[in-house]
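Asker: A predicted structure for the sequence below; I have some questions about it.
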Amino acid sequence: MKIGLQLGYWGAQPPTRAQELVDAAEAAGFDAVFAAESWGSDAFTPLAWWGSGTERVRLGTSVAQLSARTPTSCAMHALTLDHLSGGRAILGLGVSGPQVVEGWYGQPFAKPLARTREYVSIVRQVLAREAPVVNPGPHYPLPYDGPGSTGLGKPLKPITHPLRADIPIWLGAEGPKNVAMTAEIADGWLAIYYSPRLAPLYDKWLDEGFARAGARRSRDDFEIAATCQVIVTDDTAAAVAALKPVTALYVGGMGAPELNFHAQVYSRMGYEREVEEIGRLFRDGRKDEAAAVVPDEMVTETMIIGDADEVRAGVRRWEDAGVTMLLVNCHDADQVRQIVDIVR
């Protein structure tokens, strides 16, 4: 089982111990370090800054939002980070949701699967550098010839030769169609709220993608990186209680009432009634009550919490379910080392 460090995205201020965590992850044998973005900090700059002192860990975005950059701009970011890190970049991409895409980036959210497929295709063209990049659209036409066009657009190749033409592209995906497409066109799946209990269902979605004509990978060389809180404690109840507000936030507050992908994930697990109640309370501003509705199982099903032996058993369970990397949050260097000692 590989281990990745998730730095996440920043809150009101930059984190104060990120460099300590990255250095500890490098020293302890973590496979990768990831950074995220929402509508504050970006995903690439922290990797370049805090990763500059590393030599071994891979540096990945988990995830860079499609609507934040054009495909060619995103390819430039990945190309640059890959050169600076000596070939250690992982480009993790995701569509985000309509509240962010339309409310923050001012872009249409419609047809997220088609947009993702087209976006990835353009990024791969840039990195391959075999010919000037062209794309007929409809989402990212190159050269642009729509309203306001001068008609002077010229197909271009990147000036800088990519260090690697095959920088791994991993996709954040939650629904069945998106997971199947991820298996078809990507090199890895960034899974959130993964439940080992649902592994047979995930396998069905993944196998559909692997079986499609032209699929890039097979199960043998496809990575599944699952975000997972790993907490070693003798007081499991207290740890679970502390995580319930976070679960309630993502189920009730990180998405529109009409379309919340995180809520849909938990509904597929069988928590439809709880999801509905959490969403209602959260929208009414009753966040503490929303957290109280979250059952213990809704937390423990997607996280590994317990004493050292229980955590080891949990890691084996996730590995048996097909996960190749646990993507974990850590508070300090001691926790980084503790997780490695127990998992390895």
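Answerer: Cool, got the structure.

Asker: For the residue nearest the centre of the chain, which residues are in contact?
Answerer: Relative to the mean C-alpha position of the chain, the nearest C-alpha, by CA atoms, centre = their mean, is the one of residue 62, at 3.7 Å. The neighbours of residue 62, taking CB atoms under 8 Å, 6 or more residues apart in numbering as the test, are 4, 6, 34-36, 43, 92, 170, 172, 190, 225, 227, 327. C-beta here means a position set from N, CA and C on the backbone, and glycine is covered the same way.

Asker: Please repeat the previous calculation with a cut-off of 6 Å.
Answerer: Contact partners of residue 62, counting by CB atoms under 6 Å, 6 or more residues apart in numbering, are 34, 36, 92, 190.

Asker: what do you get for residue 315?
Answerer: 1, 343.

Asker: could you give the mean pLDDT of the strand or helix carrying it?
Answerer: Assigned by DSSP states H and E, residue 315 belongs to helix 308-320. Per-region confidence: helix 308-320 scores 96 on mean pLDDT.

Asker: Buried residues of that helix, list them for me.
Answerer: 310, 311, 312, 314, 315, 318, 319 (16 or more other CB atoms under 10 Å).

Asker: returning to what we had before: which of the contacts of residue 62 ranks first by neighbour count?
Answerer: residue 190 (30 neighbours; other CB atoms under 10 Å).

Asker: Let me know the secondary structure of that residue.
Answerer: strand (DSSP: H, G, I helix; E, B strand; the rest coil).

Asker: That one against residue 174, yeah?
Answerer: No - Residue 190 is beyond contact range of residue 174, at 9.9 Å (criterion: CB atoms under 6 Å).

Asker: Sketch out the low-pLDDT regions of the chain for me.
Answerer: 255-259 (pLDDT under 70).

Asker: And the helices in it, which stretches?
Answerer: Under the criterion DSSP state H, helices of the chain are mapped to 18-28, 44-50, 71-84, 98-103, 112-128, 176-185, 199-210, 236-252, 261-268, 272-283, 287-293, 296-300, 308-320, 333-343.

Asker: quick one: which of the ones you listed is nearest residue 157?
Answerer: helix 112-128 (8.0 Å; CB to CB).

Asker: Report the angle between that closest one and helix 261-268.
Answerer: Using axes from the mean of the first three to the mean of the last three CA atoms, to 10 degrees, one finds that helix 112-128 and helix 261-268 are set 120 degrees apart in direction.

Asker: Can I get helix 112-128 in CSV, CA atoms only?
Answerer: What follows is helix 112-128, C-alpha atoms only, in CSV (Å, rounded to 0.1, in the frame of the first residue of the first chain):
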residue,chain,number,x,y,z
PRO,A,112,-19.0,17.7,-17.3
LEU,A,113,-18.0,14.3,-18.7
ALA,A,114,-17.7,15.5,-22.3
ARG,A,115,-15.7,18.5,-21.1
THR,A,116,-13.4,16.3,-19.1
ARG,A,117,-12.8,14.0,-22.1
GLU,A,118,-12.0,16.9,-24.4
TYR,A,119,-9.8,18.7,-21.7
VAL,A,120,-7.7,15.6,-21.2
SER,A,121,-7.3,15.0,-24.9
ILE,A,122,-5.9,18.5,-25.4
VAL,A,123,-3.5,18.2,-22.4
ARG,A,124,-2.2,15.0,-23.9
GLN,A,125,-1.7,16.7,-27.2
VAL,A,126,0.4,19.4,-25.6
LEU,A,127,2.5,17.0,-23.7
ALA,A,128,3.1,14.7,-26.7
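
Asker: Tell me the buried residues in that helix?
Answerer: For helix 112-128, by 16+ other CB under 10 Å, it's 112, 115, 116, 118, 119, 120, 122, 123, 124, 125, 126, 127.

Asker: So which of those residues is the closest to residue 277?
Answerer: Closest to residue 277, out of all of the buried residues of helix 112-128 and judged by CB to CB, is residue 112, at 27.4 Å.

Asker: Report the separation between residue 163 and residue 132.
Answerer: Using CB to CB, to the nearest Å, one gets 20 Å for the distance from residue 163 to residue 132.

Asker: ditto for residue 300
Answerer: If you go by CB to CB, the gap between residue 300 and residue 132 works out to 52 Å.

Asker: same thing with residue 253?
Answerer: 44 Å.

Asker: who has more neighbours, those two?
Answerer: It is residue 253, of residue 253 and residue 132, that has more neighbours when counted by other CB under 10 Å, with 16 against 13.

Asker: contacting residues around the more buried one?
Answerer: residue 282.
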